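S.K.: Give me coordinates for this.
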Amino acid sequence: MSGSSPLGVSGSDAGAPGGTVLWVLLVVGALARFVGLGGDLWHDELFTWLDLLKLPLLELWASYPDDNQHLIYSLAGRISIVLFGESPEAIRLPALLFGVGSLWATYRLGIQLFPRREALFATALLTFSYHHVWFSQNARGYTALLFATVFATDLLLRAWRRDSARLWLGYAATLALGMGAHLTMIFVALAHGLVVLALLARADTRRLALRSLVALAVGGVLTLLLFAPALSAMFDFYLQPSAGATTADVEWKNPLWLANESIRSFGVPLAVGWIVALAATVPFAVGGVDLLRRSSAAAFLFALPALTGFAAMLALERNLWPRFFFNSFGFIALLGFSGIVIMTRSLGERLRAPAWLPVAVLSIIVAASALTVPRNYALPKQDYTGAREWVIAQAAQEDAIVALDLAADAFGRYYAPAFETADTLAELRGVASRSGHTWVLYSFGGYIEAREPSLWKVLREDFEEVEAFHGTLGGGAIVVRRTRVAGALAEAR
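M.R.: Residues are numbered from 1 along each chain as shown. Alright, predicted model coming up:
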């Protein structure tokens, strides 16, 4: 990190708007995330509720059936439904609160490193972001992870400046909070550890680096204490082969799929999305280089969590879900807007453009992002209810309705317990109609194709797709197929 200032620098602009604008963003952000909070739960949310949130608090704390357990979120969700009753709104309320908290944390971090106006615009981008609203209505630990990632980074930079016991303890506690929210917080702690080790090699930063190591260790101890009741169950789960990920060679482990799926989530054609994404790398690079010049430690704190996480996921052959990188959203917004301001100011000076040009460009970007938010309210995350009502209306009395694989869990345990369920071809044959048509409902067809190729082959050959109920969850459409010939599936082949 030689050649630049290693510690954070203050970019706060005292003459720019601050507190009032921030409070407006927080209130508007909370309202935007409350609208539509009660829509259909998608698969992972549903089983967080059914498998975890219905448990008594102490039993929940000691439970770790699989990696769908985001412990901090589960504890907060349990408290929420005890206070407000069982409903999608209560189950998702902690995600909303952590989401709004991450807006505040992004601004707080931003004013340490960038002018106040840029920090406000980055916060506004998150406030009016389709993706941020989506995750703030998702009963999972991702907004808590985002909050902890940004707030821990903010506290570490502040502790380096002020060397306060309160800041060090807050930093350690926030690391533990993030680990409890989602275990990918380990990549944030690892990134911080790598930066601290680099600072340890410098005489002028060695004392603070040692304090940082102590705080990281305290964070580790607090994490162990948090997970202590569930450690045995966690070991049992993670000692299974490829726990939490399929052993099949599926597309979700491909970095190209990660990039394409991230682009598709914006609701634009793939080619257009790639052009925009490649163009967007320029301001991110400009903002990153500028931060590296001013504070190399802060630049690496921003970049390393995503880089180490991506490398680890590749090495472990884990699924590369875009949501695993959502916690870098605040960093991306701050760096991107910083780069845009630098570029527009440079261009403005050459063209003698008005001084308000950077503000106008940032305002246009935030407005464009705000136009995407209504898409979040147009559909549920997964439309189980719509699919159920439609297929019931279409099926004849002699027909069989069968939910498959992951959809079998959702329909069988909550949305339509009267439906037949099947996970294998043999099970499907066992519940298929003998005289009428067989209707099947499924989601995430890639899972079926990877785990039960014979079942997938029959679905493609003997069934015709008659309807698909799309939601906002990428790849989560509820697909409805019907046998091409009534009763044909019951015949031996």
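S.K.: can you pull the contacts of V373?
M.R.: 32, 128-130, 133 (Cβ atoms under 8 Å, 6 or more residues apart in numbering). C-beta coordinates here come from the backbone N, C-alpha and C atoms, glycine included.
S.K.: That one - that's part of a strand, no?
M.R.: No - V373 is assigned coil when assessed by DSSP: H, G, I helix; E, B strand; the rest coil, not a strand.
S.K.: Begin at 672 from now on, thanks
M.R.: Sure, I'll start counting at 672 from here, so that last one is V1044.
S.K.: Could you tell me the model confidence score at it?
M.R.: As predicted, V1044 sits at a pLDDT of 94.
S.K.: cool, and the one 5 residues further on?
M.R.: Turning to A1049, the model gives it a pLDDT of 91.
S.K.: what about it, neighbour count?
M.R.: 10 (other Cβ atoms under 10 Å).
S.K.: Domain-wise, how is the protein divided?
M.R.: 690-1049, 1055-1161 (automatic domain parsing).
S.K.: Mean pLDDT lowest where, among those domains?
M.R.: Looking at the domains of the chain, the weakest mean confidence is domain 690-1049, a mean of 89.
S.K.: how far out from the middle of the chain is that one?
M.R.: 8 Å (Cα atoms, centre = their mean, to the nearest Å).
S.K.: tell me how far the ends of it are from each other?
M.R.: With Cα to Cα, to the nearest Å as the measure, domain 690-1049 spans 33 Å from end to end.
S.K.: So which of the contacts of V1044 sit within helices?
M.R.: Counted as lying in helices by DSSP state H, out of the contacts of V1044, are 703, 801, 804.
S.K.: So the last one is in contact with L702, correct?
M.R.: The one in question is V804. No - look at V804 against L702 with Cβ atoms under 8 Å: they stay out of range, at 10.7 Å.
S.K.: more crowded one of these two?
M.R.: Applying other Cβ under 10 Å to V804 and L702 shows that V804 carries more neighbours, namely 25 against 10.
S.K.: The more buried one and A869: what is the separation?
M.R.: 37 Å (Cβ to Cβ, to the nearest Å).
S.K.: cool, S800 as well?
M.R.: Taking Cβ to Cβ, one finds S800 at 32 Å from A869.
S.K.: between the two, who's got more neighbours?
M.R.: Neighbours were counted for S800 and for A869 using other Cβ under 10 Å; S800 has more, 23 against 17.
S.K.: Now the more buried one: phi and psi?
M.R.: phi -100, psi 130 (degrees, to the nearest 10).
S.K.: how about it, what does it touch?
M.R.: 1000, 1040, 1043-1044.
S.K.: By neighbours, which of the residues you listed wins?
M.R.: F1000 (23 neighbours).
S.K.: From start to finish, how long is stretch 1037-1056 in a straight line?
M.R.: 34 Å.
S.K.: Show me which positions of it end up buried.
M.R.: Under the neighbour-count criterion of 16 or more other Cβ atoms under 10 Å, stretch 1037-1056 has 1037, 1040-1041, 1043-1044, 1047, 1050-1055 buried.
S.K.: closest to D875 among those residues?
M.R.: V1037 (39.4 Å; Cβ to Cβ).
S.K.: so what's that closest one closest to, chain neighbours aside?
M.R.: Take V1037 and drop its neighbours on the chain: the residue closest to it by Cβ to Cβ, 6 or more residues apart in numbering is A795, 4.8 Å away.
S.K.: want to throw the ones in helices among the contacts of V1044 into JSON lines with distance to F1082?
M.R.: Formatted as JSON lines, the ones in helices among the contacts of V1044 follow (distance: Cβ to Cβ, whole Å):
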{"residue": "A703", "distance to F1082": "31"}
{"residue": "Y801", "distance to F1082": "28"}
{"residue": "V804", "distance to F1082": "27"}
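S.K.: returning to what we had before: how close does the residue nearest to V1037 sit to A1041?
M.R.: 9 Å.
S.K.: So the most far-flung residue of the chain relative to its centre versus L1075, what's the distance?
M.R.: Largest separation from the mean C-alpha position in the chain: S1106, at 45.3 Å (Cα atoms, centre = their mean). For S1106, the distance to L1075 equals 21 Å [Cβ to Cβ].
S.K.: Also D907?
M.R.: Distance from D907 to L1075, by Cβ to Cβ: 28 Å.
S.K.: where along the stretch 972-1121 of the chain do the helices fall?
M.R.: 1000-1022, 1028-1041, 1046-1049, 1055-1065, 1076-1081, 1096-1102, 1116-1122 (DSSP state H, counting those that start in this stretch).
S.K.: Highest mean neighbour count across these, which stretch is it?
M.R.: Stretch with highest mean neighbour count among the helices of the stretch 972-1121 of the chain: helix 1076-1081 (a mean of 22; mean count of other Cβ atoms under 10 Å).
S.K.: Send over that one as PDB, restricted to the C-alpha atoms.
M.R.: Provided in PDB are the C-alpha atoms of helix 1076-1081 (Å, rounded to 0.1, in the frame of the first residue of the first chain):
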ATOM      1  CA  ASP A1076     -39.400 -31.000  -6.400                       C
ATOM      2  CA  LEU A1077     -39.000 -27.600  -4.800                       C
ATOM      3  CA  ALA A1078     -42.500 -26.500  -5.700                       C
ATOM      4  CA  ALA A1079     -43.800 -29.700  -4.000                       C
ATOM      5  CA  ASP A1080     -42.400 -28.400  -0.800                       C
ATOM      6  CA  ALA A1081     -44.100 -25.000  -1.200                       C
END
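S.K.: The residue nearest to N1047 when sequence neighbours are not counted and L712: what is the separation?
M.R.: Distances taken as Cβ to Cβ, 6+ apart place V804 nearest to N1047, at 5.0 Å, with adjacent residues excluded. Separation of V804 from L712 (Cβ to Cβ) stands at 16 Å.
S.K.: Pull out the buried positions in the host helix or strand of W1127.
M.R.: Element membership for W1127 (DSSP states H and E) is helix 1124-1133. Neighbour-count burial for helix 1124-1133, counted by 16+ other Cβ under 10 Å, picks out 1126-1127, 1129-1130, 1133.
S.K.: Quick check: of the residues you listed, which lies closest to P786?
M.R.: The closest of these, once distances to P786 are taken by Cβ to Cβ, is W1127, at 54.2 Å.
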